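A.B. asks: I would like the atomic coordinates for the input below:
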Amino acid sequence: MLSPAKSLEVARVNPPDAVVILGGGKPKSLLEPPRFVQNRCDIAAKIYLEAKKFGRKIHLVPISAGTAHSSQLLNKQGLPIWESAASAAYMVKTHGIDSKAILMETTSYDTIGNAYFTRAQICDPMDFKRIWIVTSEFHMPRSKAIFEWIFNCTGPKKDYELTFISTENVGLSENDVKTRKEREARSLKNVEKLSKQHTTMKDVMLFLLTDHRMYSVDGLDTHEDVSEELRNSYKA
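C.D. replies: The predicted structure follows:
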């Protein structure tokens, strides 16, 4: 685990191949992801710029299409504005990041999907090895467990080096953080079970596409009952 400050030091001499930035809720606009996601993007952008100063090139990988707990933000054409697109646009506009250095993941709607599709669609094909993963403190325990599970599954490649960077829970009320942490703790128990049952990339793919509510045919017309407090914490 690296602190945000330490990550900048390391980026100067031994940067990652990619920095993965997790999404976390419905953006207000293309340029305005939730404040706690902006904080994740700020750290990732600083890592990119610090590495660039020393002639080192890395990719930024904002991830997530949306969340199961909020409706999708739509553009004027009625098409979805993905969480990852809002993160990407924010980093380009706010930090001047080269858009060609950003690789968006636009398929996933939960953290397991985040990890699976990031590996399958981006990291495996790009032959990335050293990957830094940025998310908020409240989200880190489950994210770490999921990414370590998925990136250690048997598949085309299995020699990843993962490093995790935890950011402050800015933009969330004390009650929001409490609500999210309680949810995270419950979900982590399920992750521990799933990681023992599904140990290859094929296993995980079949789980997602046949059993998971957000990706399977059987899940198309289902929804999860969650509290209004939890639902509101996913909004910008």
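
A.B. asks: From K28, how far off is T94?
C.D. replies: From T94 across to K28, the span is 14 Å (CB to CB, to the nearest Å). Yep, even glycine has a C-beta here, placed from its N, CA and C like the rest.

A.B. asks: do T200 as well
C.D. replies: Going from T200 to K28 by CB to CB gives 39 Å.

A.B. asks: So the two - more neighbours on which side?
C.D. replies: K28 (15 against 12; other CB atoms under 10 Å).

A.B. asks: Ramachandran angles for the more buried one?
C.D. replies: K28 adopts backbone torsions of phi -80, psi -30, taken as degrees, to the nearest 10.

A.B. asks: just checking, what's the longest helix in the chain?
C.D. replies: helix 174-197 (DSSP state H).

A.B. asks: Report the buried residues of that helix.
C.D. replies: 176-177, 179-181, 183-184, 187, 191, 194-195 (16 or more other CB atoms under 10 Å).

A.B. asks: Identify the farthest-apart pair in the residues you listed.
C.D. replies: D176 and S195 (27.5 Å; CB to CB).

A.B. asks: and the nearest residue to E192 once chain neighbours are set aside, what does it touch?
C.D. replies: Leaving aside its chain neighbours, E192 sits nearest to A145 (7.0 Å; criterion: CB to CB, 6 or more residues apart in numbering). By CB atoms under 8 Å, 6 or more residues apart in numbering, the residues touching A145 are 188, 191-192, 195.

A.B. asks: Take these and write them to a markdown table, including distance to C153.
C.D. replies: As requested, the contacts of A145 are exported to a markdown table (distance: CB to CB, whole Å):
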| residue | distance to C153 |
| --- | --- |
| L188 | 18 |
| V191 | 13 |
| E192 | 15 |
| S195 | 9 |
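
A.B. asks: burial of the residue nearest to T222 when sequence neighbours are not counted, as a residue count?
C.D. replies: Spatial nearest neighbour of T222, excluding adjacent residues (CB to CB, 6+ apart): R213 at 5.5 Å. When counting by other CB under 10 Å, one arrives at 14 neighbours for R213.

A.B. asks: what's the answer for the one 10 residues further on, then?
C.D. replies: Counted with other CB under 10 Å, the neighbours of H223 add up to 9.
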